[in-house]
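K.L.:
Compute the structure for the input listed below.
(3 chains)
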Amino acid sequence: MVPSGPAPFRQPALHAAAGQPLVCLYVLDDETPGDWAMGGASRWLAASQPDRAGRKAESQGRHADPAPRQGGGNRAAIAEETGAESVTWNRCYEPFAVARDTAIKKVLTGSGITVESFKGTMLHEPWEIRTKGGHPFRVFTPFWNAMRQMAEIEKPHQAPHRMHFHDDVQSDRLADWHLLPAKPDWAKGFDWTPGEEQARTALYDFLDHIAGYKQARDRPDQDGTSWLSPHLHWGEISPRQIWHAVRARPQNEGAETFLKELGWREFCAQLLYHNPDLPTRPLDERFRKFPWRRSEKDLCAWQRGMTGIPIVDAGMRQLWQTGWMHNRVRMIVASLLIKHLGIHWRRGQEWFWDTLVDADLGSNAANWQWVAGCGADAAPFFRIFNPVLQGEKFDPKGDYVRRFVPELAGLSDRHIHKPWTAPTPPADYPAPIVDLGEGRARALDAFQAIKRPA
DNA sequence: TGAAATGTTGGGGCG
DNA sequence: ACGCCCCAACATTTC
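P.N.:
Numbers count the residues shown, from 1 in each chain, chains lettered A, B, ... in the order given. Just a heads-up that it's a prediction; the model follows:
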């Protein structure tokens, strides 16, 4: 149950400005991110924000004018248009965003406008948590230990008593941004409901069964995860709100495991902050000469959920149909692409970036590197998932596979994760595009080739 | 936040 | 009763 009474306030920058007449601005920036402009699923989510009568209270929208070229972008333009005395925002941490916002801050300050940025989307700043030697952490466990020993995380603000909004600010029409897919409308199957209220509902629904999280989170056939990642990525709820809501309940193994996931989010963000190349370059330099395979055919089969391996196809189809994939299955599909198919982790990263409603630059890059074994605190390359065993272990009755791969629905539990062993495999489902034993052996050989001579 | 290969142990069938 | 073999069950090592 969502507690009654006022919700904690998730926007430090807005809170700080609330005493003045407000212009709230949402900037769609398609230019400075370069290769990492919002993916398709993210654009759908941005376009699907609740369009209330009081839209002004949500935000004005402007397409971004690239800041460095045009002297501060539209934050500066609108500041001038409205005669604003101060501009506040919640900090972004992607390398391109840091550069952009630094430039904008300089321009605004130069025009005599007060600028202040806030920590709105993280529990800690990426530069705050350091080893005793003063370096950023590269291994999760010591990072997490250090994070738990920090001072208690600040409580979220209370909502300001009232806010009033500056009239007469020109806003783009959301529809004019053409954020929604035209043809085909692949997003029609998304059952995601964006919005602040929905985020709070998801949080408190989850807290009611958080005690079982440690086991249930690994079961794609069960509803054991928090479903908070898209809300969190879009700032519809803040990690401080989540942290304190969890801490206000009985502490148990499930709660601790979940808090640790918030820790992973922080860990990934600070890895990206300190390693701006994270999305493109393996942290483990040996992997720069890894003999990746190129196969459009195999990549396409993976993307479409037609690999012939049930748990993988179920995951990839869940992603395509719903814009989200269960975390355990993300690891399984990534392992197959990288290890058995030998395809570069960046191809997988790009696909996830375009299709996930919770796509986040740091988490995506750090986790793909983690699976590939080339990250800072990575699974060893030789740790290769067997998708059949993973399916049998985490989807024991095959419910998840049957839900997303209807061709296999008629198979018995015994054959559901390996239909090629069934007496009569379904004719409309492909044979595996890779022999799991051979794929594994090839991956291990390739890894030998880049290992440092002993 | 693996899996497979290899090693060890111990119970039980059997000559 | 005894040794031998088989093989599950578990542990350890290797990739």
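
K.L.:
residues from the stretch 251-400 of chain A in reach of DNA strand C?
P.N.:
A:380, A:382-383 (CB under 7 Å from any atom of the strand). Just so you know, the C-beta spots here come from the backbone N, C-alpha and C atoms, and that holds for glycine as well.

K.L.:
Could you report the pLDDT at A:R452?
P.N.:
A:R452 is assigned 69 on the pLDDT scale.

K.L.:
Now do the buried residues in stretch A:349-362.
P.N.:
By neighbour count on 16 or more other CB atoms under 10 Å, the buried set for stretch A:349-362 is A:349-353, A:355-362.

K.L.:
I'd like these as CSV, with secondary structure, distance to A:W192 and pLDDT appended.
P.N.:
Below are the buried residues of stretch A:349-362 laid out as CSV (DSSP: H, G, I helix; E, B strand; the rest coil; distance: CB to CB, whole Å; pLDDT from 0 to 100):
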residue, secondary structure, distance to A:W192, pLDDT
A:Q349, helix, 21, 98
A:E350, helix, 21, 98
A:W351, helix, 18, 98
A:F352, helix, 16, 98
A:W353, helix, 17, 97
A:T355, helix, 13, 96
A:L356, coil, 11, 96
A:V357, coil, 6, 94
A:D358, coil, 10, 95
A:A359, coil, 13, 96
A:D360, coil, 15, 97
A:L361, helix, 20, 97
A:G362, helix, 21, 97
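
K.L.:
show me the residues around the closest residue to A:S111 other than its chain neighbours that make contact.
P.N.:
Take A:S111 and drop its neighbours on the chain: the residue closest to it by CB to CB, 6 or more residues apart in numbering is A:A76, 7.0 Å away. Going by CB atoms under 8 Å, 6 or more residues apart in numbering, A:A76 touches A:67, A:104, A:107-108, A:111.

K.L.:
swap in A:A379?
P.N.:
By CB under 8 Å, 6+ apart, the residues touching A:A379 are A:370-371, A:373.

K.L.:
Kindly tell me how buried A:P160 is, as a neighbour count.
P.N.:
By other CB atoms under 10 Å, the residues close to A:P160 number 14.

K.L.:
quick one: it is in a strand?
P.N.:
No. Going by DSSP: H, G, I helix; E, B strand; the rest coil, the assignment for A:P160 is coil, not a strand.

K.L.:
Could you report the distance from it to DNA strand B?
P.N.:
37 Å (CB to the nearest atom of the strand, to the nearest Å).

K.L.:
quick one: the residue nearest to A:L259 when sequence neighbours are not counted from A:M147, how far?
P.N.:
The shortest distance from A:L259 to any non-neighbouring residue, by CB to CB, 6+ apart, is to A:V246 (6.1 Å). A:V246 is 14 Å from A:M147, where distance means CB to CB, to the nearest Å.

K.L.:
Number of residues surrounding A:R414?
P.N.:
Using other CB under 10 Å, A:R414 has 11 neighbouring residues.

K.L.:
for it, helix, strand, or coil?
P.N.:
Classified using three-state DSSP, A:R414 is coil.

K.L.:
any idea of the pLDDT on it?
P.N.:
Value listed for A:R414 in the pLDDT field: 90.

K.L.:
With A:R62 instead?
P.N.:
Note for A:R62: predicted pLDDT of 67.

K.L.:
Apart from its chain neighbours, what residue comes closest to the residue in the stretch 51-200 of chain A that DNA strand C sits nearest to?
P.N.:
Using CB to the nearest atom of the strand, the closest approach of the stretch 51-200 of chain A to DNA strand C is made by A:V139 at 18.5 Å. Nearest residue to A:V139, sequence neighbours excluded (CB to CB, 6+ apart): A:D377, at 4.4 Å.

K.L.:
and the gap between the one you found and A:V388?
P.N.:
For A:D377, the distance to A:V388 - CB to CB - is 27 Å.

K.L.:
Could you do A:A376 as well?
P.N.:
Using CB to CB, we find A:A376 at a distance of 30 Å from A:V388.
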